[in-house]
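*Asks:* sequence first, then the predicted structure, then my questions.
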Amino acid sequence: MKVAANTLKVTFLGTGTSQGVPPIGCTSEVCLSTNPKDKRLRCSVHIEVCGKSIVIDAGPDFRHQMIRAGINRIDALLFTHEHRDHTAGLDDIRPYNYLQEDHLDVYCTRHILNTFHKQYSYVFDEKTYPGIPLLRFHLIENKPFEIHGIPITPIEVMHFKLPVLGFRIGDFTYITDANYIDDHEWQKAAGSKHLVLNALRRETHISHFTLDEALVQANKIGAEHTWFTHMSHQIGLHDEVNAELPINMQLAYDGQVLEMPFNA
Ligand SMILES: [Zn+2]
Ligand SMILES: [Zn+2]
């Protein structure tokens, strides 16, 4: 899985909302669908660029996602926010400690780190026991930063009252769990070739864009391609919804790959 030096490759590891699709026990049309594109693990993407392997968010499906996508090395794990559907897999990074014989580099805000102290108190205990996840935290804020020389621009979006970071790397912009984006922040996504944006379902929600709201937001930027993620089963059948949507604004699916040129 070598990626050319001037290419940025994105793999959707999960495109589902917090309960995944199907949620346990659901017998809706979407949840009973046999189309693999209607099965959605919790939201995450893998980015390969400049020989580096970057993962955004580690939710409850993290282990399964890494095995399914064959990701045997992680150079950086970035977090958008601290909700469990994005962080519940943190304990499962341990194999990378063994494989890489090193702590794992984690990039998150001070606010997220404070939450990790509560969610994963044993990781930070003075008296550590063997086998806990070994993490090297890099604190970020809403300012450009670099990972191994790769420039990353955070984009702060609002998830009801919680600030969430999206990330732009080259011509790729990834935003999840937003229901409001300030125009100034949104300008940072201008000129993106591929934009990923969350769209939960058609009905309104307190902390997530609906499909219509996401379309309006995406149109403000007019990326060459927009891909929707963090979807509920209430969004409808993948193929049917995509047939109704503009060809350059489509629902993403688990396992989907995007490739685009990258100039560092
Ligand atoms: Zn979420
Ligand atoms: Zn959330």
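*Replies:* That came through, no problem. Ligands and ions are numbered 1, 2, ... in the order given.

*Asks:* how about the helices in the stretch 1-150 of the chain?
*Replies:* 29-32, 62-69, 84-87, 94-100, 110-119, 121-124 (DSSP state H, counting those that start in this stretch).

*Asks:* which residues touch the residue nearest in space to the middle of the chain?
*Replies:* In the chain, the residue lying closest to the centroid (C-alpha atoms, centre = their mean) is residue 44, at 3.5 Å. Counting by C-beta atoms under 8 Å, 6 or more residues apart in numbering, residue 44 touches 13-14, 55-59, 61-62, 65, 86. To be clear about C-beta, it is placed using only N, CA and C from the backbone, and glycine gets the same treatment.

*Asks:* now it: closest residue in space, sequence neighbours ignored.
*Replies:* Spatial nearest neighbour of residue 44, chain neighbours left out: residue 13 (4.1 Å); criterion: C-beta to C-beta, 6 or more residues apart in numbering.

*Asks:* what of residue 256?
*Replies:* With C-beta to C-beta, 6+ apart, the residue lying closest to residue 256 is residue 12, at 4.6 Å.

*Asks:* looking at that neighbour now. What's its pLDDT?
*Replies:* Residue 12 carries a pLDDT value of 98.

*Asks:* then residue 205?
*Replies:* 95.

*Asks:* mind checking which of the helices of the stretch 1-150 of the chain is nearest residue 209?
*Replies:* When the helices of the stretch 1-150 of the chain are compared by C-beta to C-beta, helix 84-87 sits nearest residue 209, at 16.0 Å.

*Asks:* who's in contact with the residue of the chain found nearest ligand 2?
*Replies:* Distances between the chain and ligand 2 by C-beta to the ion are smallest at residue 83, namely 3.4 Å. By C-beta under 8 Å, 6+ apart, residue 83 lies in contact with 18, 159, 162, 177.

*Asks:* can you turn the buried part of those residues into a PyMOL selection?
*Replies:* Remark: buried members of those, expressed as a PyMOL selection using 16 or more other C-beta atoms under 10 Å:
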select buried, resi 18+159+177
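
*Asks:* from the contacts of residue 83, which is closest to residue 197?
*Replies:* Looking across the contacts of residue 83 and measuring by C-beta to C-beta, the closest to residue 197 is residue 177, at 10.4 Å.

*Asks:* quickly find the element holding the closest one.
*Replies:* Counting by DSSP states H and E, no helix or strand carries residue 177.

*Asks:* for it, report the pLDDT, please.
*Replies:* With respect to pLDDT, residue 177 scores 98.

*Asks:* for residue 129, same thing?
*Replies:* For residue 129, pLDDT reads 78.

*Asks:* enumerate every residue touching it.
*Replies:* Neighbouring residues of residue 129 by C-beta under 8 Å, 6+ apart: residue 122.

*Asks:* how many neighbours does residue 259 have?
*Replies:* Using other C-beta atoms under 10 Å, the number of residues around residue 259 comes to 14.

*Asks:* and stretch 182-202, how far from the chain's centre?
*Replies:* Distance, stretch centre to chain centre, for stretch 182-202: 13 Å (C-alpha atoms, centre = their mean, to the nearest Å).

*Asks:* how long is it end to end?
*Replies:* 22 Å (C-alpha to C-alpha, to the nearest Å).

*Asks:* leaving out the residues flanking it, which one is nearest to whatever residue of the stretch 101-250 of the chain ends up closest to ligand 1?
*Replies:* Ligand 1 sits closest to residue 177 of the stretch 101-250 of the chain, with a gap of 4.5 Å, by C-beta to the ion. Counting by C-beta to C-beta, 6+ apart, residue 177 lies nearest to residue 159, which is 4.5 Å off, once chain neighbours are set aside.

*Asks:* same deal with residue 115?
*Replies:* Using C-beta to C-beta, 6+ apart, the closest residue to residue 115 is residue 82 (3.9 Å).

*Asks:* do the same with residue 227
*Replies:* Nearest to residue 227 is residue 252, by C-beta to C-beta, 6+ apart, at 4.0 Å.

*Asks:* contacting residues around the nearest residue to residue 188 once chain neighbours are set aside?
*Replies:* Take residue 188 and drop its neighbours on the chain: the residue closest to it by C-beta to C-beta, 6+ apart is residue 155, 4.9 Å away. Shown in contact with residue 155 (C-beta under 8 Å, 6+ apart): 142, 165-168, 173, 175, 181, 185-186, 188-189.
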